[in-house]
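**Student:** here are the coordinates; sequence isn't available:
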């Protein structure tokens with residue numbers, strides 16, 4: 001075994017697709033491609049999130065947790081298929097804002113490392 005076989009950042013950076021379920025738990029045919037928690041985007045967002053939270057506490061300002069979460073998901077969303085609508089960050093933000101159950105699916109999927117490492121390439 002080589003140490004490099006344990007690396008996950010490239011796999012998370014490449015992204016993985018999750019099929020979205022509707023609000024009744026049925027498959028929609030919409031697949032959203034996202035980067036995982038070991039990706040550069042996810043880790044950068046986490047740092048920004050923590051910094052903004054600490055600054056809000058220090059300055060005794062409100063902190064919009066939901067807006068920050070949506071931005072993090074957007075930062076890690078690569079694209080989608082299964083809809084006639086072209087992927088844009090604006091439309092994706094609207095989806096994540098107006099369909100919180102989809103936002104939850106994406107967040108849960110991104111947090112499970114095996115979603116990005118199941119098909120690890122063999123060296």
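**Tutor:** Thanks, I have it. Treat the numbers as computed from the prediction; the structure is a model and nothing was measured.
**Student:** what bits of the chain have low per-residue confidence?
**Tutor:** Scanning the chain for pLDDT under 70 picks out 119-123.
**Student:** the helices in it, which residues?
**Tutor:** For the chain, helices defined by DSSP state H occupy the ranges 9-14, 40-58, 65-76, 89-98, 100-110, 114-117.
**Student:** for the second one, packing partners?
**Tutor:** For helix 40-58, the contact count by 3 or more C-beta pairs under 8 Å, 6 or more residues apart in numbering; DSSP states H and E identifies helix 9-14, helix 65-76 as packing neighbours. The C-beta positions use only the backbone N, C-alpha and C, and glycine is treated the same way.
**Student:** same question, the first one
**Tutor:** Identification of packing neighbours for helix 9-14 by 3+ C-beta pairs under 8 Å, 6+ apart yields helix 40-58, helix 114-117.
**Student:** Buried deepest among these, which one?
**Tutor:** Stretch with highest mean neighbour count among the helices and strands packed on helix 9-14: helix 114-117 (a mean of 17; mean count of other C-beta atoms under 10 Å).
**Student:** re earlier: adding distance to residue 94, write the helices and strands packed on helix 9-14 out as JSON lines.
**Tutor:** What follows is those, written out as JSON lines (distance: least, C-beta to C-beta, whole Å):
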{"stretch": "helix 40-58", "distance to residue 94": "19"}
{"stretch": "helix 114-117", "distance to residue 94": "24"}
